[in-house]
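# Return a 3D structure for these sequence lines:
(4 chains)
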Amino acid sequence: SEDVARYALTLGDDALILAQRLSHWISRAPELEEDIALGNIALDVLGHARSFLTYAGLAWDKTEDDLAYWREEDDFTSLWIVEQPNGHFGVTIIRQLIVSVFQHLLYSKLTESADETLAAICAKAVKEVDYHRDHAIQWTIRLGLGTEESAAKMRHALEILWPYVDEMFQDLELHRKLDGIAVLPSSLREAWDKEINAVLADSGLEIPKTGQAMANGRGGEHSEHLGFILAEMQVLARKHPGASW
Amino acid sequence: SEDVARYALTLGDDALILAQRLSHWISRAPELEEDIALGNIALDVLGHARSFLTYAGLAWDKTEDDLAYWREEDDFTSLWIVEQPNGHFGVTIIRQLIVSVFQHLLYSKLTESADETLAAICAKAVKEVDYHRDHAIQWTIRLGLGTEESAAKMRHALEILWPYVDEMFQDLELHRKLDGIAVLPSSLREAWDKEINAVLADSGLEIPKTGQAMANGRGGEHSEHLGFILAEMQVLARKHPGASW
Amino acid sequence: EQSQARFDALIGKDSRIEPRDWMPDAYRKTLTRQVSQHAHSEIIGMQPEANWITRAPSLKRKSILMAKVQDEAGHGLYLYSAAETLGTDRDELNDQLLTGRAKYSSIFNYPARSWADMGAIGWLVDGAAIANQVPLCRASYGPYGRAMVRVCKEESFHQRQGFEILLSLSRGSEAQKKMAQDAVNRFYEPALMMFGPPDEQSPNSKQSMAWNIKRFSNDELRQRFVGMIAEQVKVLGLTLPDPELRYDEETKQWIHKDLNWDEFMAVIKGNGPVNAQRMERRREAHREGAWVREAAAAYAAKQVQSEVA
Amino acid sequence: EQSQARFDALIGKDSRIEPRDWMPDAYRKTLTRQVSQHAHSEIIGMQPEANWITRAPSLKRKSILMAKVQDEAGHGLYLYSAAETLGTDRDELNDQLLTGRAKYSSIFNYPARSWADMGAIGWLVDGAAIANQVPLCRASYGPYGRAMVRVCKEESFHQRQGFEILLSLSRGSEAQKKMAQDAVNRFYEPALMMFGPPDEQSPNSKQSMAWNIKRFSNDELRQRFVGMIAEQVKVLGLTLPDPELRYDEETKQWIHKDLNWDEFMAVIKGNGPVNAQRMERRREAHREGAWVREAAAAYAAKQVQSEVA
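Residues are numbered from 1 along each chain as shown, chains lettered A, B, ... in the order given. Below you'll find the predicted structure:
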């Protein structure tokens, strides 16, 4: 149904924008192993985006590329957290921690979705996200406990990214309509809090005292970053309407 | 003539891309006074770009905006030095030093161009560039002699930007054809070297031992940066072909 | 005692208080807070517009926008200078901003999502600012009043430029007109809230009026502003997102929809869409610029030494 | 003496030298240089392609490109490992790269200006690399030869992907075809120069061949490569920018245009279009990542301590 497509679109957009952000690390990481790790994660996440977008596109007779390259900013439904800049490595790690723990919980539940395609996509994706989550956790601990400098950078990363946490858990009308198919984001909050609290405790870090941004990416109201991300991502495709590559 | 237009285009493109780079500092400078100073410089340089492009466009019945927003990367003729990223403040200052000393010499000579429009544009521009040059020189001295850290950053800035110096002084067939109208870039080299050497000596800095990049911006062969600069600069205009703003 | 009497007399005959004059601590404190908040607002207010400089759709608009953002930095400078005459230096004021102890106008915590926002910000946000600020040109504290004269002159220029941006868009393609309407829809209510809470909930206003800092109440200023934009929007060929808006002939008042003061309070508390981003940009610029400021200071110190030697 | 004899015997019967085996210093040094240069080339070679990941024109191509650049990082890792078996550790090898003491393939000092360069790099650059590397799978040094087997497998996959990119473009719109031809024009000559100077100017080759590291001369390899691409370019519907190119039946040799060895030498010396940029990107990543590596090391040290305690 179109509702399922709209739901798949939200999952696809998050993954697409996150992959775009992560891929910028390739050839710029702190060490070669991380060029590979972040690149692998980006590649996995791009794969999830492609699956979700391809599935969503069926409802409107659109391809993954139609959806990725030919929508305008306010047609995108990505969360603000995935739009946030890479910053230094610690910022990227904290963003990964926040998002991959969330995605892991979400995709795990979605493997039981009444929508078989969504369940199948998530069954594959969840195994990969499990690794992303582990990668983020290990680095959070390492940098949280490493040096004074790294701990300070991690605290800073938490401070600048924390405002975008609540948005992930906002229930929409769409979620409620898709009972049995979609997962109510709010239902994941408790488990997410528990896991994040445990990781931060293991890392000598704390939940920062920041406000929460009035973010409404699902409604097409995006952070100021998305316009720049899309300008770069879409520039070539848009110069050649109708082209095959 | 079309040759004069092509020459004006080269001057306009340098200024346009430099203005685009500089304008990114606004709201990000090390102190409020520098937000204003760099912004003023960017605004001046954009003004020069507009004058040169408007004049160039007459030959092809194009507006400044046609030329700025609707040409492809390989139609641009900017030098690689102006395409280089802002980096930290010291990189921007050294780029300004290299370019504004060059432009000051160039525009000064062009005030005597047999082409009256070019002469008039440059007569106005040279006064402004004189200030840009002074701004760059003062900061080069201040940062070169300030702290160990600032001196190290300035040495680094010189190293990464020096490879793009020779390109500025390359004579083209176009310059030779426009005898009395254009200035042969090579004719400025001696004065430029002298001035730069003096500034670096006053700043406790030296000309770095780097290679020279095979740069051919005038021929439309650009650094890898220009594509990104144009994607951002042109994105909005290109979404609305034929629109007025 | 005598000082207080002299101060009261100056206020009483609507004269100006100057930096060298004695003034009550509360007056100094109130003014320092107000003037520095105003300065901070100019500085933070550069960000939504800076966001579109590199993407401005014509070189003329790019140039105008750059000049405008420059002016805002300039306003920030005058206003910090005015605040400094009250005895708090700029580093301390800046520190208050960076640590979140000082506020700035909450309107700048909304993102500038489209080019049309450059129009809406100019027309509505600068428009509201002017309505607020014109009376401040007569503020009892001399340096503030004089700074405001200069600021207001430039702001009204900016407002006209904003209006022109919207006018061009509304006369343009369907997509452009839609962009303009969308921007007006988003900025209308936050702009109306720039005048602050309704009078009955604004306890500080009375003292400020007694001191001849504030000349009109929040609601009075909001009325003037709504009346003005209700007329101008017709020229623009756009609509205000307020179906209830009308002029009530009986009460001689503009009736507008209820404003979302819960949102206003949330934004002030730090929970607006881009509070975190705005603050981090400021902090980042400060952090990244530290070595430059240190080097400049070290160089200046060496110069002094060598002159002495 | 005895060791040398044993080494010579192994080489003589075309057997493999393994890390534990004795080997002449010159052999070790030559191999260390060659293997680490190869590793560096993989690492620097990521940059021109990384330049287009964020702008790839379809998600499928983006995905393939990301996987390719990943593979290159992986090749870098195997090759550094192979080099380490010769007794120089990775930090030292990396330091040689960052300080400019070590070289990398000069082809990567040309910019990737358009999407079609992703095709041309895959088809021509990886193609030339494969022609060079397939014989290296039989290199006398075991770890190097085995690493090359793995590398070659993936490279030939990359080459096919590059070919496919160009094929799609050449069958596409006029603009796409032009983009493809332009990329081939720019990469043809630098790719031919990847095999190194003509044999008569390549003094080191002889020793490498005697040691069973190199199996064919520069010119022999270049011949094979030119022959291959001269055929393939027809399938692409593109042309090679070499009007002189022909197969001479008499000499059984491909005749190609004179290559610009002055440019080649200039690029090697650091004066190519993007040498400075490539090196700075590597240095920047190293510099910006220092705190991460330090923290990881500090954490690892603490773990060891707590295990001991």
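# Now do the strands in chain C.
Secondary structure of chain C by DSSP state E: the strands cover C:246-248, C:253-255.
# Could you look over these and pick the most buried one?
Of all the strands of chain C, strand C:253-255 has the most neighbours on average by mean count of other CB atoms under 10 Å in any protein chain shown, namely a mean of 15. Where C-beta positions appear, they are placed from N, C-alpha and C, glycine not excepted.
# and the lengthiest helix in chain C, how far out from the chain's middle?
Looking across chain C with DSSP state H, the single longest helix is helix C:142-170. Using CA atoms, centre = their mean, to the nearest Å, the distance from the centre of helix C:142-170 to the centre of the chain it belongs to is 11 Å.
# Give me the helices and strands touching that helix, please.
Contacts defined by 3 or more CB pairs under 8 Å, 6 or more residues apart in numbering or on different chains; DSSP states H and E place helix C:142-170 against helix C:25-44, helix C:59-84, helix C:116-120, helix C:127-133, helix C:174-193, helix C:218-236.
# closest one to chain B among the strands of chain C?
Closest approach to chain B among these is made by strand C:253-255 (31.8 Å; CB to the nearest CB).
# Which residues does that closest one contact?
Outside strand C:253-255, the residues that touch it by CB atoms under 8 Å, 6 or more residues apart in numbering or on different chains are C:Gln223, C:Val226, C:Gly227, C:Ala230, C:Glu244, C:Leu245, C:Arg246, C:Tyr247, C:Asp248.
# same thing but at 6 Å, please
Residues from elsewhere that reach strand C:253-255 (CB atoms under 6 Å, 6 or more residues apart in numbering or on different chains): C:Gln223, C:Val226, C:Gly227, C:Arg246, C:Tyr247, C:Asp248.
# separation between A:Ser78 and A:Gln20?
10 Å (CB to CB, to the nearest Å).
# Show me which residues of chain A are close to chain D?
A:23, A:26-28, A:30, A:32, A:35-36, A:39, A:43, A:46, A:50, A:64-65, A:68, A:89, A:142-143, A:145-147, A:149-150, A:232, A:235-237, A:243-245 (CB under 6 Å from any CB of the partner chain).
# re earlier: adding pLDDT and distance to A:Ala56, write the contacts of strand C:253-255 out as CSV.
Output for the contacts of strand C:253-255, formatted as CSV (pLDDT from 0 to 100; distance: CB to CB, whole Å):
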residue, pLDDT, distance to A:Ala56
C:Gln223, 95, 48
C:Val226, 96, 43
C:Gly227, 95, 47
C:Arg246, 95, 44
C:Tyr247, 95, 48
C:Asp248, 94, 50
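# Among these, which ones lie close to chain B?
Counting by CB under 6 Å from any CB, no member of the contacts of strand C:253-255 reaches chain B.
# And those residues, which two are furthest apart?
C:Gln223 and C:Arg246 (12.8 Å; CB to CB).
# Show the contacting residues for C:Ile130.
So C:Ile130 contacts C:Glu155, C:Ser156 (CB under 6 Å, 6+ apart).
# Distance check, it against C:Arg224.
Taking CB to CB, one finds C:Ile130 at 10 Å from C:Arg224.
# Now the phi/psi pair for the residue of chain A found nearest chain C, please.
Taking CB to the nearest CB, chain C has its nearest neighbour within chain A at A:Gly211, 3.4 Å off. Main-chain torsions, A:Gly211, degrees, to the nearest 10: phi -70, psi -180.
# Could you tell me how many residues sit around the residue lying closest to it once chain neighbours are set aside?
Leaving aside its chain neighbours, A:Gly211 sits nearest to C:Gly270 (3.4 Å; criterion: CB to CB, 6 or more residues apart in numbering or on different chains). C:Gly270 is flanked by 19 other residues according to other CB atoms under 10 Å in any protein chain shown.
# any idea how far C:Gly270 lies from C:Ala128?
C:Gly270 is 22 Å from C:Ala128, by CB to CB.
# coming back round to it: in contact with the residue of chain A closest to chain C: list those residues for me.
Counted by CB under 6 Å, 6+ apart, A:Gly211 has contacts A:Pro163, C:Gly270, C:Asn271.
# list the contacts for the last one?
If I follow you right, that is C:Asn271. A:Gly211, A:Gln212.
# please redo it, this time with the cut-off set to 8 Å
C:Asn271 neighbours (CB under 8 Å, 6+ apart): A:Pro163, A:Gly211, A:Gln212, A:Ala213, A:Met214.
# can you give me phi and psi for the residue lying closest to the last one once chain neighbours are set aside?
Closest residue to A:Met214 apart from its sequence neighbours, by CB to CB, 6+ apart: C:Pro273 at 4.7 Å. Comment: the main-chain dihedrals of C:Pro273 come out as phi -60, psi -40, following degrees, to the nearest 10.
# wait, isn't C:Pro273 in contact with C:Tyr110?
Yes: between C:Pro273 and C:Tyr110 there is a contact at 5.9 Å, judged by CB atoms under 8 Å.
# next one: phi and psi at the nearest residue to C:Arg33 once chain neighbours are set aside?
Excluding the flanking residues, the one nearest C:Arg33 by CB to CB, 6+ apart is C:Ala102, at 7.6 Å. Per-residue torsions, C:Ala102: phi -100, psi 150 (degrees, to the nearest 10).
# Could you give the number of residues near C:Ala102?
Counted with other CB under 10 Å, the neighbours of C:Ala102 add up to 18.
# Now do the same contact list for it.
C:Arg33, C:Ser36, C:Gln37, C:His40, C:Leu93, C:Gln96.
# Can you show me the helices along chain A?
Going by DSSP H, chain A shows helices at A:2-23, A:32-58, A:64-69, A:80-83, A:89-110, A:116-145, A:148-161, A:165-168, A:173-177, A:189-202, A:226-239.
# Next, the angle from the last one to helix D:174-193.
Using axes from the mean of the first three to the mean of the last three CA atoms, to 10 degrees, the interaxial angle of helix A:226-239 with respect to helix D:174-193 works out to 90 degrees.
# With pLDDT and neighbour count as new columns, can the contacts of C:Ala102 be given to me in TSV?
Formatted as TSV, the contacts of C:Ala102 follow (pLDDT from 0 to 100; neighbours: other CB atoms under 10 Å in any protein chain shown):
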residue	pLDDT	neighbour count
C:Arg33	95	17
C:Ser36	97	26
C:Gln37	96	19
C:His40	97	25
C:Leu93	97	21
C:Gln96	97	18
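# nearest to D:Ser58, of those?
For the contacts of C:Ala102, the nearest to D:Ser58 is C:His40 (46.0 Å; CB to CB).
# Just give the nearest non-adjacent residue to the closest one, would you?
Going by CB to CB, 6+ apart, C:His40 has C:Tyr104 as its nearest residue, at 4.0 Å.
# ditto for C:Arg101
C:Asp95 (7.9 Å).
# How about C:Met46?
Using CB to CB, 6+ apart, the closest residue to C:Met46 is B:Ser27 (4.3 Å).
# do the same with A:Ala151
Leaving aside its sequence neighbours, A:Ala151 sits nearest to A:Gly144 (CB to CB, 6+ apart; 5.8 Å).
# what about the one you found, neighbour count?
Neighbours of A:Gly144 under the rule other CB under 10 Å: 26.
# do you know how far the residue nearest to A:Met214 is from chain D?
Distance from C:Pro273 to chain D, counting by CB to the nearest CB, to the nearest Å: 25 Å.
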